[in-house]
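A.B. asks: model the following, please.
(chains A and B)
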Amino acid sequence: MTVQAAPSVSAQFPIRFTGDPRAYWRLLVRGAVLLMLTLGIYRFWLITDIRSYLLANTEVAGDSLEYSGTAIELLTGFLIAVAILLPVYVAFFLAALDLGPLGQISGVAGFALLFALGQYAVYRARRYRLSRTLYRGLRFHQEGSALRYALCAVLWWGAVIITLGLALPWKESRLERFKMRHTFYGDLPGRFEGRGLSLFLRGLPLWLMVMLPLALAASAIAQALDPEAVSDVLARGGDDMLARLDAINPELVAALGFAIAATSLSVALTLLLWPAFQALRLRWWASGLRFGPLTLRSHLSTVSVYGAYLRFVGYVLLFLLALALGAVPLLAALGYLLQDGDVSILREAAAALLGLGGYVVAMLGLATLYRATVMLALWRLTVETLALDGLDAVAQVRAAGRAASPVGEGLADVLHVGGV
Amino acid sequence: MTIGPGVFYDGLTSARHDVAVELDQTALRVTDAQGRVLAQWPYAELESLSAPDRLLRLGRRHSKLLARLEVRDPALIAAIDERAEGIDRTGALARRQRGGVIAWTLAATASLVLVAWFGVPVIAEKLAPLIPAGLERKLGAAVDMQTRAMLDTRNAGAGFECGHAANERTGRAAFDKLIARLAPQAGLPIPPQPFVVRRPEANAIALPGGSIYVFEGLIDKAQSPDELAGVIAHEMGHLAHRDGTRSVLQGAGLSFLFGMLLGDFVGGGAVVLAARTVLQSSYTRDIEAAADAYAVDLMNRVGGDARALAAILTRIGGATEPGMKILMDHPDTRLRASIITARARGATGAPLIDARDWAALKRICG
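C.D. replies: Okay, the predicted model is just below:
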């Protein structure tokens, strides 16, 4: 009787990604077309397909992961979430009718409440996803109170906003520690050992490069601004505002010009440094994960991440070219439909539909390109550069945890904080 | 082939078992290296799970344990495929299931769009009378405050209304007389509160809760009391049909359908916006047509000349209106005028207010 030998894997990097990119493209393109035709209803099937593909093709020490979730579960979770949130939205609307001080606060309070609800949903959605991730016949699972997580997240996000982003490393480490402390593979408990300080030190140069032009812009305006003169000009309004502003407060106009240039530089730097930041954060996060005696270390290279983004940009340019070529017959059709002055309503409808269709195709196309290039590449690069130490522990884990309900995913979907 | 190698996970621990898979008559048997039977799964209960391409990952349906059997040998996979109905490596079964899903989702989308097109106005119409008066008054007060803030761009406050200054009071009295000719016959659920305000546009609006704002520009353009009365009667029509509340309900219904249920994908925001705009305009066109009909009937009842409404609409509206027909929230002016004229009965009896009052009314804003 023959037994099956385990396929050989590299000793240092025991994770392999075996997916065929063409299959992924086909999956995404079909999904995009159906998303458009079903006005979004198809998304539950698309998300399930994507997760199945990514997990099934990730092979850890010879055995691939498995996604056991179904689209019907996601749909059910969504419908339940709609039933839960609809009264909340109605209550907001009715509260807004009671004007006065309560009404003023309700806008801000409403936003904060929805944000907290979103974080609650994110935690519960993660619980669903983990419990549907299987390895060697055992589930991952997540415990812990979503409410506590939501409060934690709201406080830390507040800190991030107040410090203009400087507190982000500590927010990440704190929230990851919370999540991983309550994450298990079978009965193997998880931990997070990444330190906020190390992410901060590595990310500080990037932050400075982006923030410095903005700070210079702000100080230039502050020095040149004459508040009384400006408020006077604004109050009177009119078309020649800029000219009058120039007469009264000429340094301000020059400062505004400088500020616009500096802000553009800041935006350009953000775009250029984004892949570096992504690589930095992924590397730091993956290197901090632990499961019992199992440790992970990421060797993700920043250059490879830049490569992924550059491929994306290349595809986008090609796509835009194709769109421009495709727009010619589209515009011709629109022109024909709307030519004579008094056009029937049916023709108007056809024209509007064509225009709208063109826009949606463009947006979905860009999103699909992003998923197929950047997101797939980041997944593959991250898993294939993960060094695992203490893998023997994985062979003796016992089953634990139950399947979690998909309501969390549904809530995240309705609140638009859900991800793939 | 009836026997081959496989890998088995029993779902209790993560230990990997290299096993032999035997295909019996009705079931599949998994034995380990020591000859122990680890599992026996009937073919009818086999299901194929998400796995990489060249791997067949089998599980047992309705099992509490997440036991998995993984087979890589192509011949063995083919043999299992043959015996088990639920397993189909050619993909035909999966394609049929996916086809069903696609058909179902397309049908669901179509029916939700139809509900938005037809169902929402009907439901709003049925629900509007059920809204308690207190809530409608609150809504009215809120909308009133916001509307005033929007219209009163110079922050004139009380001076925004015409009819309070010494030289305007006779105008206000004449205006009240005109209203008094219309209101008793109007049969409104809530008493109307009409104001004339200093806005140059030739327009009038009615808000839920009963406020009617007549703009100075309309008074200037009106050439007879019947014309002004016709427009006011149209606005009263909105109040009688509770159109303000209905619009709010329709807006909420549309918001729910296109927003919460549909449109959640990249680029979907534009679709949602377009759908809501188009549908909202079409609902509003119907509402305006109904208000026109009400105005004509009211003018007929009080003995005024409803054709004057057609006249002033044509004068204000102009020959051709700019903008796409789909987005217009009023029906085409010529169409309105012809419908109104057909339904009107012509003036009977005394004019609504006499010439002196009319002259005073024309000067209501000083």
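A.B. asks: for the rest of this, base every contact and every neighbour count on C-alpha atoms.
C.D. replies: OK.
A.B. asks: quick one: low-confidence parts of the stretch 301-420 of chain A?
C.D. replies: A:340-343, A:420 (pLDDT under 70).
A.B. asks: can we see that at 80?
C.D. replies: The stretch 301-420 of chain A contains residues with pLDDT under 80 at A:337-349, A:418-420.
A.B. asks: next SSE after the longest helix along chain A?
C.D. replies: For chain A, the helix with the greatest residue count under DSSP state H is helix A:250-287. Next helix or strand after helix A:250-287 toward the C-terminus (DSSP states H and E): strand A:289-291.
A.B. asks: residues making contact with that next one?
C.D. replies: With Cα atoms under 8 Å, 6 or more residues apart in numbering or on different chains as the test, strand A:289-291 has contacts from A:180, A:184-185, A:188-194, A:295-297.
A.B. asks: ok, that strand: who's next to it in the sheet?
C.D. replies: Applying DSSP bridges to the sheet, strand A:289-291 is found paired with strand A:188-192 (antiparallel), strand A:294-298 (antiparallel).
A.B. asks: average pLDDT for it?
C.D. replies: With pLDDT averaged residue by residue, strand A:289-291 scores 96.
A.B. asks: again, but for stretch B:52-59
C.D. replies: Average pLDDT, stretch B:52-59: 94.
A.B. asks: end to end, how far does it reach?
C.D. replies: Stretch B:52-59 stretches 15 Å from its first residue to its last (Cα to Cα, to the nearest Å).
A.B. asks: same thing with stretch A:367-383?
C.D. replies: Start-to-end span of stretch A:367-383 (Cα to Cα) is 23 Å.
A.B. asks: now swap in stretch B:13-26 and tell me
C.D. replies: Using Cα to Cα, one end of stretch B:13-26 lies 27 Å from the other.
A.B. asks: can that stretch be found next to chain A?
C.D. replies: Yes - contact of stretch B:13-26 with chain A (Cα under 8 Å from any Cα of the partner chain) involves B:13-16, B:18-20.
A.B. asks: any of those residues buried? List them.
C.D. replies: Among those, the ones that count as buried by 16 or more other Cα atoms under 10 Å in any protein chain shown are B:13-15, B:18-20.
A.B. asks: quick check, B:Pro192 in contact with B:Ile212.
C.D. replies: Yes - B:Pro192 lies in contact with B:Ile212 (Cα atoms under 8 Å); the separation is 6.9 Å.
A.B. asks: for the residue of chain A found nearest chain B, give the beta-bridge partners.
C.D. replies: Of all residues in chain A, A:Arg398 sits closest to chain B, at 4.2 Å by Cα to the nearest Cα. Per DSSP bridges, the residues bridged to A:Arg398 are B:Thr13.
A.B. asks: burial count for it?
C.D. replies: As a burial measure, A:Arg398 scores 17 neighbours (other Cα atoms under 10 Å in any protein chain shown).
A.B. asks: repeat for A:Asp63
C.D. replies: Residues contacting A:Asp63 under the criterion other Cα under 10 Å number 19.
A.B. asks: ok, it - contacts?
C.D. replies: Residues near A:Asp63 by Cα under 8 Å, 6+ apart: A:135-136.
A.B. asks: can we see that at 7 Å?
C.D. replies: Under the criterion of Cα atoms under 7 Å, 6 or more residues apart in numbering or on different chains, A:Asp63 has no neighbours.
A.B. asks: ramachandran coordinates for it?
C.D. replies: Backbone torsions of A:Asp63, given as degrees, to the nearest 10, read phi -120, psi 130.
A.B. asks: partner residues bridging it?
C.D. replies: Residues in beta-bridge contact with A:Asp63 (DSSP bridges): A:Val60.
A.B. asks: state the pLDDT value of it.
C.D. replies: Per-residue confidence (pLDDT) for A:Asp63: 94.
A.B. asks: hang on, the earlier thing: among the strands paired with strand A:289-291, which is nearest B:His330?
C.D. replies: Nearest of those to B:His330, taken as Cα to Cα: strand A:188-192 at 61.9 Å.
A.B. asks: mind giving me the packing neighbours of the helix or strand just after that closest one?
C.D. replies: Next in sequence after strand A:188-192, counting helices and strands by DSSP H and E, comes helix A:196-224. Contacts defined by 3 or more Cα pairs under 7 Å, 6 or more residues apart in numbering or on different chains; DSSP states H and E place helix A:196-224 against helix A:168-181, helix A:250-287.
A.B. asks: any idea which of those helices scores lowest on pLDDT?
C.D. replies: Confidence, taken as mean pLDDT, is least for helix A:250-287 of those (a mean of 93).
A.B. asks: got a list of what B:Leu298 touches?
C.D. replies: Listed by Cα under 7 Å, 6+ apart, the contact partners of B:Leu298 are B:185-186, B:233.
A.B. asks: what's the distance between it and B:Pro189?
C.D. replies: Counting by Cα to Cα, the gap from B:Leu298 to B:Pro189 is 15 Å.
A.B. asks: check A:Leu354 too.
C.D. replies: Taken as Cα to Cα, the span from A:Leu354 to B:Pro189 is 45 Å.
A.B. asks: burial count for residue 188?
C.D. replies: No chain specified, so I'll use chain A. 20.
A.B. asks: oops, chain B please
C.D. replies: By other Cα under 10 Å, the burial measure for B:Leu188, its neighbour count, is 17.
A.B. asks: is it true that it touches B:Ala240?
C.D. replies: Yes - assessed by Cα atoms under 7 Å, B:Leu188 is found in contact with B:Ala240 at 5.2 Å.
A.B. asks: contact residues of the stretch 1-150 of chain B facing chain A?
C.D. replies: B:5-6, B:9-15, B:18-20, B:50-52, B:66-68, B:105-106, B:109, B:138-139, B:142 (Cα under 7 Å from any Cα of the partner chain).
A.B. asks: which of the residues you listed are buried? Put it as a PyMOL command.
C.D. replies: Only the buried entries of these go into this PyMOL selection, using 16+ other Cα under 10 Å:
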select buried, chain B and resi 5+6+9+10+11+12+13+14+15+18+19+20+50+51+52+66+67+68+105+106+109+138+139+142
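A.B. asks: return the subset of the residues of the stretch 1-150 of chain B next to chain A lying in helices.
C.D. replies: Per DSSP H, the residues of the stretch 1-150 of chain B next to chain A map to helices at B:105-106, B:109, B:138-139, B:142.
A.B. asks: got these as a markdown table, with pLDDT and distance to A:Gly107 columns?
C.D. replies: Compiled in a markdown table, those are given as follows (pLDDT from 0 to 100; distance: Cα to Cα, whole Å):
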| residue | pLDDT | distance to A:Gly107 |
| --- | --- | --- |
| B:Thr105 | 95 | 36 |
| B:Leu106 | 95 | 37 |
| B:Thr109 | 94 | 33 |
| B:Lys138 | 80 | 18 |
| B:Leu139 | 81 | 17 |
| B:Ala142 | 82 | 15 |
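A.B. asks: quick one, strands of the chain?
C.D. replies: With no chain named, the answer covers chain A. Using DSSP state E, the strands of chain A run over residues A:15-17, A:58-60, A:63-64, A:66-67, A:133-135, A:138-142, A:183-185, A:188-192, A:289-291, A:294-298, A:386-389.
A.B. asks: sorry, should have said chain B
C.D. replies: Under the criterion DSSP E, chain B contains strands at B:3-9, B:17-23, B:27-32, B:37-42, B:46-48, B:56-60, B:68-71, B:193-197, B:204-206, B:211-215.
A.B. asks: list the buried residues of the fourth one.
C.D. replies: Within strand B:37-42, the residues that qualify as buried are B:39-42, counting by 16+ other Cα under 10 Å.
A.B. asks: in TSV, list those along with pLDDT.
C.D. replies: Below are the buried residues of strand B:37-42 laid out as TSV (pLDDT from 0 to 100):
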residue	pLDDT
B:Ala39	94
B:Gln40	95
B:Trp41	95
B:Pro42	95
